[in-house]
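K.L.:
this one's structure only:
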Ligand SMILES: [Zn+2]
């Protein structure tokens, strides 16, 4: 190994640190628990100690390209402040970058975790053959990231790519961001469980209700398991997840005309349950997808796809992520290797 970078994935549950070389090989990975309840200074202390340990191990034999850190929440790139983070509740307006740089005595690059995952998939994952990529990460919330020309599109001050807070239901469920009816309220793991509880409230004798009573950790995974067994209530929930994703993807495809859109995060394991609805909505709602999507002789041709036929030329790809939870770790390590926005 000649050149390496350190990538950090600071999650609400796990803190992971990796040394990755400039060819994308994972050299070392350390996983720690994030001790959120002990306060932000303790979390930053733990992180910096672990980073220092990895640095000391490789610094003499290889050249450090930099340190990238993926953080859940909205970061102000100019100030290095964490503006808003649902998973790190007492971190609002905490000068996280300055605190880390002071401890490590070197510069670090902070980036939103969903942007970092998009960069990871663009470097080594599902979108590695493409310069430009958009990604949606379906986890506790719905994250979004946009990579243009192999670099993250940050916008004016680092807040771009919040596709998860696009409205899909004008009078819908209130969202943590202050809006209502955001995609996040219909396509996250949290939303899948809430929609199941709503279905149970309407029909307490259903298989869904029995599963919720029997399962102390009734989760999106439990609902997915029912869906693959053929339970109609569970299937309806995933169809709705796909429908809402399809509505937002239609707007993204129409406005961005990118070659590839990647869907990752824990809920993407239920791909076969929700993806048919995504493609139905895209064909129905997006003229750009109708013109550039793959030809499907089985599909109903209504809406946009009745109006516009697919032509020759490059196709729009909507696909699953490949790197799983490592996307964030690889993407964070990639940050020092790609041109950075001014700070
Ligand atoms: Zn929202």
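P.N.:
Right, received. Where do you want to start? Note that the coordinates shown come from a computational prediction; the quantities given were computed from them, not determined experimentally.

K.L.:
C-alpha from now on. contacts and neighbour counts both.
P.N.:
Noted.

K.L.:
Would you map the strands across the chain?
P.N.:
3-10, 14-21, 26-33, 63-71, 74-76, 81-84, 109-112, 133-138, 142-148, 151-152, 260-264, 317-320 (DSSP state E).

K.L.:
Can you check which of those gets nearest to residue 193?
P.N.:
strand 133-138 (13.2 Å; CA to CA).

K.L.:
pLDDT on that closest one, on average?
P.N.:
For strand 133-138, the per-residue pLDDT values average out at 98.

K.L.:
Mean neighbour count for the strands of the chain - can I get that in TSV?
P.N.:
Formatted as TSV, those follow (neighbours: other CA atoms under 10 Å):
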stretch	mean neighbour count
strand 3-10	27
strand 14-21	23
strand 26-33	14
strand 63-71	22
strand 74-76	22
strand 81-84	19
strand 109-112	26
strand 133-138	28
strand 142-148	25
strand 151-152	25
strand 260-264	25
strand 317-320	18
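
K.L.:
mind checking which of those is nearest residue 300?
P.N.:
Here strand 317-320 is closest among the strands of the chain (CA to CA), at 18.6 Å.

K.L.:
Strand partners (parallel or antiparallel) of the closest one?
P.N.:
If you go by DSSP bridges, strand 317-320 pairs up with strand 260-264 (parallel).

K.L.:
where does residue 91 sit relative to residue 99, distance-wise?
P.N.:
12 Å (CA to CA, to the nearest Å).

K.L.:
More neighbours: those two, which one.
P.N.:
residue 91 (20 against 16; other CA atoms under 10 Å).

K.L.:
That one and residue 72: what is the separation?
P.N.:
In terms of CA to CA, residue 91 sits 10 Å off from residue 72.

K.L.:
Touching both of these two, which residues are there?
P.N.:
Common contacts of residue 91 and residue 72 (CA atoms under 8 Å, 6 or more residues apart in numbering): residue 85.

K.L.:
And residue 143, how close does it get to residue 155?
P.N.:
From residue 143 to residue 155 the distance is 16 Å (CA to CA).

K.L.:
Same question for residue 312.
P.N.:
For residue 312, the distance to residue 155 - CA to CA - is 32 Å.

K.L.:
quick one, which of the two is more surrounded?
P.N.:
Taking neighbours as other CA under 10 Å, residue 312 and residue 155 compare with residue 155 leading, 12 against 8.

K.L.:
for the ion, what are the nearby residues on the stretch 101-250 of the chain?
P.N.:
Proximity of the stretch 101-250 of the chain to the ion, by CA under 5 Å from the ion, involves residues 165, 175, 177, 182.

K.L.:
Select from the residues you listed the one having the most neighbours.
P.N.:
Going by other CA under 10 Å, residue 182 tops those with 27 neighbours.

K.L.:
who's residue 180 bridged to?
P.N.:
residue 174.

K.L.:
Now for it: which residues touch it?
P.N.:
With CA under 8 Å, 6+ apart, residue 180 has these contacts: 167, 169-174.

K.L.:
about what we covered before: which one, of the strands of the chain, ends up nearest to residue 227?
P.N.:
Closest among the strands of the chain, once you apply CA to CA, is strand 133-138, at 17.7 Å.

K.L.:
which helices and strands sit right next to that closest one?
P.N.:
In this structure, strand 133-138 packs against helix 113-124, strand 142-148, strand 260-264, with contacts taken as 3 or more CA pairs under 8 Å, 6 or more residues apart in numbering; DSSP states H and E.
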